[in-house]
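K.L.:
what shape does this take:
(chains A, B, C, D, E and F)
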Number of protein chains: 6
Amino acid sequence: MIHAIFGRRYTFSAAHRLHSDQLSVEENRLAYGKCNNPHGHGHNYVLEVQCAGEVDAETGMVINLATLDEIVHRTVISRFDHTNLNLDPLFEKAVPTTENLTIAVFELLEPEILKTGCKLAKLRIEETENNFFEYSR
Amino acid sequence: MIHAIFGRRYTFSAAHRLHSDQLSVEENRLAYGKCNNPHGHGHNYVLEVQCAGEVDAETGMVINLATLDEIVHRTVISRFDHTNLNLDPLFEKAVPTTENLTIAVFELLEPEILKTGCKLAKLRIEETENNFFEYSR
Amino acid sequence: MIHAIFGRRYTFSAAHRLHSDQLSVEENRLAYGKCNNPHGHGHNYVLEVQCAGEVDAETGMVINLATLDEIVHRTVISRFDHTNLNLDPLFEKAVPTTENLTIAVFELLEPEILKTGCKLAKLRIEETENNFFEYSR
Amino acid sequence: MIHAIFGRRYTFSAAHRLHSDQLSVEENRLAYGKCNNPHGHGHNYVLEVQCAGEVDAETGMVINLATLDEIVHRTVISRFDHTNLNLDPLFEKAVPTTENLTIAVFELLEPEILKTGCKLAKLRIEETENNFFEYSR
Amino acid sequence: MIHAIFGRRYTFSAAHRLHSDQLSVEENRLAYGKCNNPHGHGHNYVLEVQCAGEVDAETGMVINLATLDEIVHRTVISRFDHTNLNLDPLFEKAVPTTENLTIAVFELLEPEILKTGCKLAKLRIEETENNFFEYSR
Amino acid sequence: MIHAIFGRRYTFSAAHRLHSDQLSVEENRLAYGKCNNPHGHGHNYVLEVQCAGEVDAETGMVINLATLDEIVHRTVISRFDHTNLNLDPLFEKAVPTTENLTIAVFELLEPEILKTGCKLAKLRIEETENNFFEYSR
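P.N.:
Alright, predicted model coming up:
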């Protein structure tokens, strides 16, 4: 029984504004800098999903590609692509930083990927080509 | 007298919503697809500025790097980075498509770059890693 | 009336074997090197389509994205993706080098793109990240 | 004694067809989609070899670059570059998915790299810029 | 309490010559190849700093971006950018291989990052697009 | 007779110091900034050679790949890779800016490429991922 990791990258575009009601105007500016600008700005997010599992002896695959694509599009892309993250119920109380987005996407994907027999080994979101966030259990 | 091209890349993040008041609801959806979503979405734009000029015999340079950076930051980055393009006066009447953004940035940069003795040979904006726009006179 | 260029990148995977019936065994090896291996090999091709046109005053766009995608998928991607290029009628007599592929794709796309009111300004195919081919009228 | 990881990337091009004799026609199509097309297709594979070892106090290196290149070219590149993977004895019984390719390459490289005093910490193969596979003990 | 990783990439340019006084002329050539050329050569190094920490419930961030930038610029970029690594006191006795550079940068950054409440989970330096080095405790 | 462009990318690493004997200390600092640091620094240069020519009816190629590689390695890579540009006779009087390097490489390559029946359509050198230089007749 051989375990391997299959990773696949997806992209989506969204707007967000970083602002915490628990912080003062000055604290917001110190925490978020230009990302605190009142009218929001946006990103091309790159989402990398890493699935760990047994390589099936018959198919030679860790996970069916079409199945993974269906899960990611249904639970993540269709929800966040071309939206304003601040308006999503998940970010009613939490600030839509990419840290919080990464954890939220992990929790949306994990139960669906477990049903395929794989584990969600790691989730990575690249906010820009120079900033990324990773989360795993 | 030898002419060459110097290109330099900059990045900025902004939100936009594609919607034309001159089009019906249905026409807007056909023209812009998901980019017509009411609350906007965003991008990491990559801006590539191509300056054409004579290579100075003494310095061996087409244009001083610090001068170009100052021009681009003052006229473009500080204006658009971490903003919502729809709120910029330039897009009061024009839809903030990347085509219109490219032309607007070209017109902001060209007179400043001409003062340095170079020409603005071409301007390129990459909206995503798969979509780009180019403009030149 | 302002002209601009919109470029969009697509990918497809295909196998080919470079071998010319007009050349001897030795000449084939000299011309194509390892690409002459009898059982073929493959590439992830990146196709870049550059459309030149007027920016529409109402929509702010050079060409409708969905229209372009439909053209490229119908005439190019569905024909070549996950196939063996040597078996395509276009390469019955011509060797499926990336030069010939680039010209063939240009001729497939050009009449369709002209119907949208744009010109096909340039076509670029990247065979690997280090080799590319460009063609324009 | 300080351990570090040195990673180095190589590329090779190969064709494959995904088809399992243990599956029906319909099951093959469901498992592999377009990759089941009878005449094969190809990829530019990127192979990333990660060696873990002690940084030599005299040379300041984990592994000699020329030694690693020789190993990878002899055991992997010369065997798979510009070939059809389905014809390799390793894939007589196993389907040449990138999962199986990654494990096969790991097993070819590991004993050779161990002879240099390093461990093969991880092997990664990128099938396209959006799909990758990783394997480690 | 949720832990996540935030990674950020920086670049700097430096020259180095690989030569060990403990090795003979011939041994130096075998160990370093062209990198042993007497007058040095250079690289655009990409430095990736991975910070692991708790996502702050109020700000939704692992580490303040401006704080991290200040640390990296003060301790690493201002020290090594546009310099000759062989002249740095750190490389008086050690050869400035990228292995040794990676470990040196790790030791410069770690105490400063610990002060922010984060851990320096991993440091990665890319010497070229095909060679990289990673170090972690 | 169909003309097309074939482009191929090569890399080399070199050190340089930007300093003009015709300028004062202060003028040198203004012109070159950190690149004027006395001990030099380095770059991974990416060289892109664009050859324009007729697609040969028999071979389907613009230029033989092995021939081009031999030319570029003999005239450019073997001369500049892992060297200090300031010590090259070409830069005895000219400052080794990337502008001057691009023109020098163009002049080294052009006569050799003309012998193959192709034209050297354009030469591009990327100094970093954000700065590039192009030259053509």
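
K.L.:
ok, how many other residues are close to the closest residue to chain B within chain A?
P.N.:
Per Cβ to the nearest Cβ, A:G42 is where chain A lies closest to chain B, at 0.4 Å. The C-beta positions use only the backbone N, C-alpha and C, and glycine is treated the same way. By the criterion of other Cβ atoms under 10 Å in any protein chain shown, A:G42 has 27 neighbours.

K.L.:
so it bridges to which residues?
P.N.:
In this entry, A:G42 is beta-bridged to A:A15, by DSSP bridges.

K.L.:
again, but for the one 5 residues further on
P.N.:
The partner list for A:L47 in beta bridges (DSSP bridges) reads A:Y10, A:I125.

K.L.:
for it, what are its contacts?
P.N.:
Residues near A:L47 by Cβ atoms under 8 Å, 6 or more residues apart in numbering or on different chains: A:R9, A:Y10, A:T11, A:F12, A:V72, A:V76, A:V105, A:L123, A:R124, A:I125.

K.L.:
pretty sure the residue of chain A closest to chain B sits against A:R17.
P.N.:
No. Between A:G42 and A:R17 there is no contact under Cβ atoms under 8 Å: 10.0 Å.

K.L.:
circling back to that earlier point, buried subset of the contacts of A:L47 as a ChimeraX selection?
P.N.:
Buried residues among those (16 or more other Cβ atoms under 10 Å in any protein chain shown), as a ChimeraX selection:
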select /A:10,12,72,76,105,123,124,125
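
K.L.:
tabulate the contacts of A:L47 (CSV), appending pLDDT.
P.N.:
What follows is the contacts of A:L47, written out as CSV (pLDDT from 0 to 100):
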residue, pLDDT
A:R9, 97
A:Y10, 97
A:T11, 96
A:F12, 95
A:V72, 98
A:V76, 98
A:V105, 98
A:L123, 98
A:R124, 98
A:I125, 97
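
K.L.:
which one of the contacts of A:L47 sits closest to A:E27?
P.N.:
Closest approach between the contacts of A:L47 and A:E27, by Cβ to Cβ: A:I125, at 25.0 Å.

K.L.:
dump the residue contacts of that closest one.
P.N.:
So, once contact is read as Cβ under 8 Å, 6+ apart, A:I125 ends up touching A:Y45, A:V46, A:L47, A:E48, A:T98, A:L101, A:T102, A:V105, A:F132, A:F133.

K.L.:
for A:K119, give the beta-bridge partners.
P.N.:
A:A52.

K.L.:
quick check: it vs A:F6, distance?
P.N.:
Plainly put, A:K119 is 11 Å away from A:F6 if you go by Cβ to Cβ, to the nearest Å.

K.L.:
for A:D21, same thing?
P.N.:
On the measure of Cβ to Cβ, A:D21 and A:F6 end up 40 Å apart.

K.L.:
more neighbours, these two?
P.N.:
A:F6 (26 against 8).

K.L.:
helix, strand or coil: sort out that one for me.
P.N.:
Under the three-state scheme (DSSP: H, G, I helix; E, B strand; the rest coil), A:F6 adopts strand.

K.L.:
I'd say A:F133 and E:R8 touch.
P.N.:
No. In this structure, A:F133 is not within contact of E:R8 by Cβ under 8 Å, at 10.1 Å.

K.L.:
buried residues in stretch A:124-137, which are they?
P.N.:
A:R124, A:I125, A:E126, A:E127, A:T128, A:N131, A:F132, A:F133, A:E134, A:Y135.

K.L.:
straight-line length of it, end to end?
P.N.:
Terminal residues of stretch A:124-137 are spaced 13 Å apart (Cα to Cα, to the nearest Å).

K.L.:
how far does it sit from the chain's center?
P.N.:
8 Å (Cα atoms, centre = their mean, to the nearest Å).

K.L.:
how about stretch A:48-57?
P.N.:
18 Å.

K.L.:
ok, and what's touching that stretch?
P.N.:
A:1-10, A:61-63, A:68, A:72, A:109, A:113, A:116-126, D:97, D:99-100, D:103, D:134.

K.L.:
got the contact list for the residue in chain A positioned nearest to chain F?
P.N.:
Proximity of chain A to chain F (Cβ to the nearest Cβ) peaks at A:E129, 9.1 Å away. Contact partners of A:E129, counting by Cβ under 8 Å, 6+ apart, are B:T11, B:N44, E:R9.

K.L.:
farthest from the middle of chain A: give me that residue.
P.N.:
Using Cα atoms, centre = their mean, the residue of chain A lying farthest from its centre is A:E58. It sits 31.4 Å away.

K.L.:
in which helix or strand does it reside?
P.N.:
In the assignment (DSSP states H and E), A:E58 maps to no helix and no strand.

K.L.:
pull up the residues of chain A that are close to chain D.
P.N.:
Residues of chain A found near chain D (Cβ under 8 Å from any Cβ of the partner chain) are A:2, A:4-10, A:50, A:55, A:58-62, A:64-66.

K.L.:
among the residues you listed, name the buried ones.
P.N.:
A:4-8, A:10, A:50, A:55, A:59-62, A:64-65.

K.L.:
of these, which is the nearest to D:N86?
P.N.:
A:G60 (12.0 Å).

K.L.:
okay but the closest one is in contact with D:I103, surely?
P.N.:
No. If you go by Cβ under 8 Å, A:G60 and D:I103 don't touch, sitting 9.4 Å apart.

K.L.:
just the helices in chain A please.
P.N.:
A:25-32, A:65-72, A:78-80, A:98-114 (DSSP state H).

K.L.:
report whether the last one contacts chain E.
P.N.:
Yes. Under the criterion of Cβ under 8 Å from any Cβ, chain E is reached by helix A:98-114 at A:E99, A:N100, A:T102, A:I103.

K.L.:
any idea which of the residues you listed is closest to F:H82?
P.N.:
Looking across the residues of helix A:98-114 next to chain E and measuring by Cβ to Cβ, the closest to F:H82 is A:T102, at 40.7 Å.

K.L.:
count of neighbours near that closest one?
P.N.:
A:T102 has 24 nearby residues by other Cβ under 10 Å.

K.L.:
now the buried ones among the residues of chain A next to chain D in JSON lines, with distance to D:D88?
P.N.:
Converted to JSON lines, those look like this (distance: Cβ to Cβ, whole Å):
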{"residue": "A:A4", "distance to D:D88": "19"}
{"residue": "A:I5", "distance to D:D88": "23"}
{"residue": "A:F6", "distance to D:D88": "21"}
{"residue": "A:G7", "distance to D:D88": "24"}
{"residue": "A:R8", "distance to D:D88": "25"}
{"residue": "A:Y10", "distance to D:D88": "32"}
{"residue": "A:Q50", "distance to D:D88": "27"}
{"residue": "A:V55", "distance to D:D88": "17"}
{"residue": "A:T59", "distance to D:D88": "19"}
{"residue": "A:G60", "distance to D:D88": "14"}
{"residue": "A:M61", "distance to D:D88": "18"}
{"residue": "A:V62", "distance to D:D88": "21"}
{"residue": "A:N64", "distance to D:D88": "24"}
{"residue": "A:L65", "distance to D:D88": "23"}
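
K.L.:
return the residues in contact with A:A104.
P.N.:
A:L90, A:F91, A:A94.

K.L.:
what's the pLDDT at it?
P.N.:
Model confidence at A:A104, given as pLDDT, is 97.

K.L.:
against E:H16, how distant is it?
P.N.:
Taking Cβ to Cβ, one finds A:A104 at 43 Å from E:H16.

K.L.:
A:V95 too?
P.N.:
Counting by Cβ to Cβ - A:V95 and E:H16 are separated by 43 Å.

K.L.:
how about A:I63?
P.N.:
43 Å.

K.L.:
the residue nearest to A:L114 when sequence neighbours are not counted: neighbour count?
P.N.:
Leaving out its chain neighbours, the residue that sits closest to A:L114 by Cβ to Cβ, 6 or more residues apart in numbering or on different chains is A:L120, at 7.4 Å. Residues lying near A:L120 (other Cβ under 10 Å) number 21.

K.L.:
for the residue in chain A that chain D sits nearest to, give me phi and psi.
P.N.:
Closest contact between chain A and chain D, by Cβ to the nearest Cβ, is at A:G60 (3.8 Å). Backbone geometry at A:G60, expressed as degrees, to the nearest 10, gives phi 70, psi 20.
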